[in-house]
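Asks: I need the structure of the sequence given here:
(2 chains)
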Amino acid sequence: MMLVALLAVPALGAVLVALLPARLDRPARALGTVVAAAAFAVSVALGLDRGPLLPAAGQALTPWQQYKVSWVPGLNLDFHLGVDGISYPLVVLTTLLTLLCCVYSMWTVPGDGARGRLLVALLLVIEVGILGTFLALDLVLFFVFFEVVLLPMYAVIAGWGGEDRRRAARKFVLYTLFGSVLLLVGVFVVVSAAGTADLVTLSATGGGGMARATQLAAFILFAVAFAVKSPLWPLHTWLPDAHTEAPTVGSVILAGVLLKMGTYGLIRVAIGVAPEGAVAVAPVLGVLAVAAILVGSLVCLAQSELKRLIAYSSVGHMGFVLLGIATLSTVGLQAALIGNIAHGIITGLLFFLAGAIKDRTHTGLLAELGGLRETAPGLAGVLGFAAIASLGLPGLAGFWGEAFAVVASLQRGGTLWTVLGVLAAVGGALTAAYFMRLLRRVTHGPAAPAVATTAAPRLSTYELVSWAPLVVLALAVGLLPALVLGLSADPVTALLAEVSP
Amino acid sequence: MIDHVALLPAYLAAGTAILVFLADILVGRRGAVLSCGALGALATAAVAAWLGTRADRSTFCVDGAGCSYVVDDTAALLAVLFALLTLGVLAFSAGVLREGELPSGEYCFLLACSMTGGVVLAHAGDLITLIVALETLTLPLYVLVGLRRRVLESAEGAVTFFIVSVVATAVTLLGAALLYAATGAVHFDRLAAALDAAPGGGPTGRLIAASVVLVIAGLAFKVAAVPFHAWAPAAYDGAPVPVAAYLSTASKLGGVVAILYVTVDALQPRLDVAGPALAVLALLTMTVGNLVALRQRRMVRLLAWSSVAQAGYILAPLGAFTVASGRADIGLAVTATVAYTVFYVLMELAAFGAVVALRPADADGGEIADYRGAARRSPWIAGAFVLALVGLAGLPPGLAGLFAKVAIVRSLLGGGAGWLAVAVALNAVIGLAYYVRVAAQLFAPAPAAETRARVHWAAAAALAVATVVAVVIGFAPQLVLDVAAS
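Replies: Residues are numbered from 1 along each chain as shown, chains lettered A, B, ... in the order given. The predicted structure follows:
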């Protein structure tokens, strides 16, 4: 029941918030924040009851709790929800980031601010879609929730974004719809061949006894679908535009959790349902992932706009996550999962900071920024922390995912994976280089005119409130990676038992 | 022995037309005429639905040949749909009829006549009944399209529609006549049996192949499938908006029903000829419809082209079923086609209802740019419009449309036509590009403060009902799938 509540609370909250009249805009936003807080509380409570600690023998997917009712039998669609160690950290990350974005939106909304309640309502709808994707244990249901996110996110970008928002929003929605229609085709390739859409059944039998060719076709369709979402080079081009134009909260949700739907789908759906296909395609995925790391880092080195730079850094970071997945090893998948979480926390924080800087200085061009620590030492300090966390300093969250993706690749052995591991490591060094460049340009040196005249140099309360949890988590996950890895170790081992390369 | 109970829906529909006609002559008031039409449509729907819950019936039977008039679950569902669509269009028309530009009596009479054709079509059991019913459905529409006085586009649209449609009917009739020549049968069951027994090659085989293609090509005109689609945008845009709504829902439904009955019930043994043609037709229709819709600037034309594309999705399962080898069950394809059609007409009706409600009563569909700021002026109507558009695009929150697409893709992959499934999927992406453009216009700031057009209560009520039904079956699509599967 808690699973249903987790979806019902934000869904009902969104309707309620959207229906309040315009003169109650501020109370409506507060109501939305309360709803988001309630959803966060439910998600935390969800983790208290973990059911059987060890996965059942021969069972690749053992949910802690599940809820199943038939919805549309004519389309093989069951309303089947469940949570386990792979999805739980992402669920909590989603509810947390949504809550922080709602808190942030209570004080500041882009534009005239008269429609803030709609923004909050849309954030809650997006939350429902993302949570549903992470919780779904039915392939068709997974697809339905995957689609739910699309238009609300479009509306967030097109309604509250920057100057070129319409084009960016359209690009976002068309690209990601392209991905999700392929997902639809893939889902029904599987359903037609295996006769069921139940993820527990499908992953328990290593693809439900589907022929190798079918598995290969299904995996390729899934891989392309999730590669658009993650995004994987060369299907990433929607991401920088969307991020640059999206409002701060949109960017935070987009980078923080929306991209994770792709990597999560790759692990849960693509590998879980079509393991033989995964084994065959993994080297290609690995090569593309490393290309993403290198391309992302090199573009970042030459990037002149703050939000665009962070967006491209996401391409690189998600490259590490995808490399981890491509190795199809326990270490690699664990690295991918913790990399997912770390990227969500750190990049969420980075986008909050980029938004704060752009709000204050009204420019995102690195050339016009500089000397931030002279005028706004607090802001510069947090930015420095986030950048260092993002480049993967040991002891902070970003380290584990990237380091162990490289380790996993080297462990796989063979020429290809060794070369990939080395190149990824080079990409890691480039990451450090461009974040150092970012810090030098933005925080060091004499204060640039735009920075010197900034209106509010100090951090305001709502900024502190919405950023502090991310700072704490970046430290906590960095120092105690077992927070995430402890939960996911058993499910990952069980999942990989079905994959025998 | 004629079973008059089975004929009740047809009697009621025809009676509605006569009643409307008499009401116009005797009472002569717009309200009376409209109420007669609405009550008649409602009664037709109710009786058809009641018959659908009873055991199957049939009448006009010939020994050993089958029946010309069949009442079963599918027929009942389609008859109810025809009646309800007519009811909805009558409600949308209340506003424009109040302006007095269009003659209420003639308008409602013609609409009721067309409904009669639809109801009979739903029950048709032989080729002759089917073609006559389809013509009864279409004939009044030529006049309705051209009913706007002193508007050139209206006359142009009507003439185009008339000529193309008459040619199409002639082609279908020729096909039916050749089929009769080859097999000596017009009843669906008999025809299927005769085709099964007929030789595949030789002169008879070639004659049959030619006639199958002719019948299907003629019917493809009615659903505006590419390359027989060119009449649709002109006719839709020239017609009064409620008539355009009728064209894109009831009239299109008529074409789909005709193709469905003919291919599934009668021509099934010869689908190896019709199948590839249908599959290619479907692919062309969706792709061309979507690509041309991208460039439209007028609202009704955009909806017209989008409905061309939708016809492609509707035809796809039938085509795919017949292309794939080793299929076992045509039921999957029929269910998907019927279900998609039901979802589609509902959302299309809602979309046109929103256009009616957003525009001044005497205006045409206008440019898409005219809709700027509609979301501020009339948030509820704009909301319904967006929901309908998003449903047509097949995305949440338009869950009905999403499940419609899912049903199509599922049946395509079940039928083994993966390439067509991918084509449908990619077309959905193109489709979204223009649906989202229209939706975005609604929320764009208006150029000047415009006054809100007054909406007739009946149009608003019909729009509300269509939207609520779309939302409900979006959450419970199994209702539709169950009815479609039976």
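Asks: contacts, neighbours, all on C-alpha from now
Replies: Will do.
Asks: output whatever helix or strand A:F143 lives in as PDB, restricted to C-alpha atoms.
Replies: Using DSSP states H and E, A:F143 sits in helix A:139-148. The C-alpha coordinates for helix A:139-148 follow below in PDB (Å, rounded to 0.1, in the frame of the first residue of the first chain):
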ATOM      1  CA  LEU A 139       7.100  -3.800 -18.800                       C
ATOM      2  CA  VAL A 140       4.000  -2.100 -20.200                       C
ATOM      3  CA  LEU A 141       3.500  -0.100 -17.000                       C
ATOM      4  CA  PHE A 142       7.200   0.900 -17.100                       C
ATOM      5  CA  PHE A 143       6.600   2.200 -20.600                       C
ATOM      6  CA  VAL A 144       3.500   4.100 -19.600                       C
ATOM      7  CA  PHE A 145       5.300   5.900 -16.700                       C
ATOM      8  CA  PHE A 146       8.300   6.500 -18.900                       C
ATOM      9  CA  GLU A 147       6.000   8.500 -21.200                       C
ATOM     10  CA  VAL A 148       4.200  10.400 -18.400                       C
END
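Asks: what helices and strands are in contact with it?
Replies: Helix A:139-148 is packed against strand A:77-83, helix A:116-135, helix A:165-194, with contacts defined by 3 or more Cα pairs under 8 Å, 6 or more residues apart in numbering or on different chains; DSSP states H and E.
Asks: those strands in the chain, which residues are they?
Replies: Let's take chain A. Read by DSSP state E, chain A holds these strands, from start to end of the chain: A:65-72, A:77-83.
Asks: my question was about chain B, not that one.
Replies: B:57-62, B:66-71.
Asks: nearest to chain A, of those strands?
Replies: Closest to chain A of these, according to Cα to the nearest Cα: strand B:66-71, at 24.4 Å.
Asks: now for that closest one, which elements pack on it?
Replies: strand B:57-62, helix B:104-123, helix B:188-197.
Asks: dump those to a markdown table, plus distance to chain A and mean neighbour count.
Replies: A markdown table is the format used below for these (distance: least, Cα to the nearest Cα, whole Å; neighbours: other Cα atoms under 10 Å in any protein chain shown):
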| stretch | distance to chain A | mean neighbour count |
| --- | --- | --- |
| strand B:57-62 | 27 | 16 |
| helix B:104-123 | 24 | 27 |
| helix B:188-197 | 28 | 20 |
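Asks: low pLDDT regions in the stretch 1-150 of chain B?
Replies: Nowhere does the stretch 1-150 of chain B drop to pLDDT under 70.
Asks: how far away from the center of its chain is stretch A:200-217?
Replies: Distance, stretch centre to chain centre, for stretch A:200-217: 27 Å (Cα atoms, centre = their mean, to the nearest Å).
Asks: tell me if it is near chain B.
Replies: No: shown here: stretch A:200-217 not in contact with chain B (Cα under 8 Å from any Cα of the partner chain), separated by at least 10.5 Å.
Asks: what's in contact with that stretch?
Replies: Contacting residues not belonging to stretch A:200-217 are listed as A:58-62, A:137, A:186, A:189-190, A:193-194, A:196, A:272-278, A:280-281, A:495, A:498-499 [Cα atoms under 8 Å, 6 or more residues apart in numbering or on different chains].
Asks: just the buried ones from these?
Replies: Buried members of the contacts of stretch A:200-217, counted by 16 or more other Cα atoms under 10 Å in any protein chain shown: A:59-62, A:137, A:186, A:189-190, A:193-194, A:196, A:272-278, A:280-281, A:495, A:498-499.
Asks: out of those residues, list just those in helices.
Replies: The helices, defined by DSSP state H, take in A:186, A:189-190, A:193-194, A:272-273, A:275-278, A:280-281, A:495 from the buried ones among the contacts of stretch A:200-217.
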